[in-house]
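J.: what would the 3D arrangement of this be:
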Amino acid sequence: MNTTHTATVEAIKAELLVQLNCNPKHPPVHVNDKSAAAALGVQANTLAVWRSTGRYALPYLKIGKKVQYRLSDLAEFLARRTACHTGEAMQ
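T.: A predicted model of the protein is given here:
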């Protein structure tokens, strides 16, 4: 991983902490599926579909019936999905 990518992931992680109203001095390592869905702007049911179909490579933890996501995995997922438009410049 290059330093630019690492910095991007860390910046996204900081944004997620703010979005989820987490204390940046004591951030959670994991969040539940509802919080993860809110951070990604999707429904919790969408994450359930992604998990069952393997549509996206978004790691999760399954502890009994509970599903949790690492904040670092959410940030990495968003960094991988970030794109820039490479078409012609507008005049």
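J.: give me the distance between Ala44 and Thr8.
T.: In this structure, Ala44 and Thr8 are separated by 26 Å, where distance is defined by CB to CB, to the nearest Å. To be clear about C-beta, it is placed using only N, CA and C from the backbone, and glycine gets the same treatment.
J.: list the contacts of Ala79.
T.: The neighbours of Ala79, taking CB atoms under 8 Å, 6 or more residues apart in numbering as the test, are 5, 8-9, 12.
J.: with distance to Ala79 added, can I get these in a markdown table?
T.: Listed next are those as a markdown table, based on distance: CB to CB, whole Å:
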| residue | distance to Ala79 |
| --- | --- |
| His5 | 7 |
| Thr8 | 5 |
| Val9 | 5 |
| Ile12 | 6 |
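J.: what sits against the residue positioned nearest the centre of the chain?
T.: What sits nearest the mean C-alpha location of the chain, by CA atoms, centre = their mean, is Leu74, with 2.1 Å. By CB under 8 Å, 6+ apart, the contact set of Leu74 is 13, 16, 31, 36, 39-40, 58.
J.: switch to 10 Å and redo it
T.: By CB atoms under 10 Å, 6 or more residues apart in numbering, the residues touching Leu74 are 9, 12-13, 16, 20, 30-31, 35-36, 39-40, 58-60.
J.: which of these fall in strands?
T.: Here DSSP state E is the test, and these give 30-31 as lying in strands.
J.: just to revisit the earlier point, more crowded one of Ala44 and Thr8?
T.: Neighbour comparison, Ala44 and Thr8: the larger count goes to Thr8, with 18 against 14 (by other CB atoms under 10 Å).
J.: picking that back up, select only the buried ones of the contacts of Ala79 in ChimeraX?
T.: In ChimeraX, the members of the contacts of Ala79 classed as buried (16 or more other CB atoms under 10 Å) are selected with the following command:
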select :8,9,12
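J.: quick one: which of the contacts of Ala79 sit in helices?
T.: Residues from the contacts of Ala79 lying in helices, with DSSP state H as the criterion: 5, 8-9, 12.
J.: which two among the residues you listed are spaced furthest apart?
T.: With distance counted by CB to CB, no two of the ones in helices among the contacts of Ala79 lie farther apart than His5 and Ile12, which are 10.6 Å apart.
J.: what touches both of these two?
T.: Counting by CB under 10 Å, 6+ apart, the common neighbours of His5 and Ile12 are 76, 79.
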